[in-house]
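Chemist: Need coordinates for the below:
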Amino acid sequence: FLNERGYSETDIGSLAAWFAAGIMAMAIASDYLVKRFSAKVVLVAALFTYATTVALFPFAPGYAAMGALRFFDGAASVCVWVASETILLARAQRAIKAFITSIDAMSIAVGYGAGSGMAYLAADILPSARTFLVASAITVVTAIFTLLKLDRSSDAHREEQHPHEGAGAAGTRAP
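Modeler: Got it, this is the predicted structure:
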């Protein structure tokens, strides 16, 4: 898409740097957001933000707008990762947390591979701008599904009781 628009390799690489800057800027803040609003709220908001950045990207009027969208794309991405992994680990038993995290990492890798393959095929069928809109629509459906179907037990403010805490100490935390 960017090659079609006449962007140089340097421009394309620096847009990836804007994405990374969004990740770095939001990595620490995502912890606060999850604690303040809940993992579910952050996940849904991040999915909608991501969908918006993807939908707007092909219509960005120039490099500066694309850089800003990539920055917010990165910020939304890290919030999706932190919130979804918080939800996942809140639901996993202590004895299998590492195993569950490994399965999560494999699922992400499969998603990146399958997503890239689907995008490659879609690029042959759809005009480039429409491919972004399809990706955005899929993300909106995911956000709505998450909003409607993910129950409150995923809010992940609960923690397993540590051995040094007294009985009932973990039960005093918000569910």
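
Chemist: For this structure, just list every one of the helices.
Modeler: Remark: helices assigned in the chain by DSSP state H are 9-37, 39-56, 63-91, 97-125, 128-149.

Chemist: So which of those helices is the most surrounded?
Modeler: Across those, the average number of neighbours (mean count of other Cβ atoms under 10 Å) peaks for helix 39-56, which reaches a mean of 21. No exception for glycine: its C-beta is placed from N, CA and C like everyone else's.

Chemist: which outside residues touch it?
Modeler: 30, 33-34, 37, 69-70, 72-73, 75-77, 79-80, 82-84, 86-87, 90, 132-133, 135-137, 139-140, 142-143, 146-147, 150, 152, 154-156 (Cβ atoms under 8 Å, 6 or more residues apart in numbering).

Chemist: CA atoms of it as PDB?
Modeler: In PDB, the C-alpha atoms belonging to helix 39-56 read as follows (Å, rounded to 0.1, in the frame of the first residue of the first chain):
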ATOM      1  CA  ALA A  39      -9.200  -5.100  31.700                       C
ATOM      2  CA  LYS A  40     -12.500  -5.600  29.800                       C
ATOM      3  CA  VAL A  41     -13.100  -1.800  29.400                       C
ATOM      4  CA  VAL A  42      -9.500  -1.200  28.200                       C
ATOM      5  CA  LEU A  43      -9.700  -4.200  25.800                       C
ATOM      6  CA  VAL A  44     -12.900  -3.000  24.200                       C
ATOM      7  CA  ALA A  45     -11.800   0.700  24.000                       C
ATOM      8  CA  ALA A  46      -8.400  -0.400  22.500                       C
ATOM      9  CA  LEU A  47     -10.200  -2.600  19.900                       C
ATOM     10  CA  PHE A  48     -12.400   0.300  18.800                       C
ATOM     11  CA  THR A  49      -9.300   2.600  18.700                       C
ATOM     12  CA  TYR A  50      -7.400   0.100  16.600                       C
ATOM     13  CA  ALA A  51     -10.400  -0.300  14.300                       C
ATOM     14  CA  THR A  52     -10.500   3.500  13.900                       C
ATOM     15  CA  THR A  53      -6.800   3.800  13.100                       C
ATOM     16  CA  VAL A  54      -6.900   1.000  10.600                       C
ATOM     17  CA  ALA A  55     -10.000   2.400   8.800                       C
ATOM     18  CA  LEU A  56      -8.500   5.900   8.600                       C
END
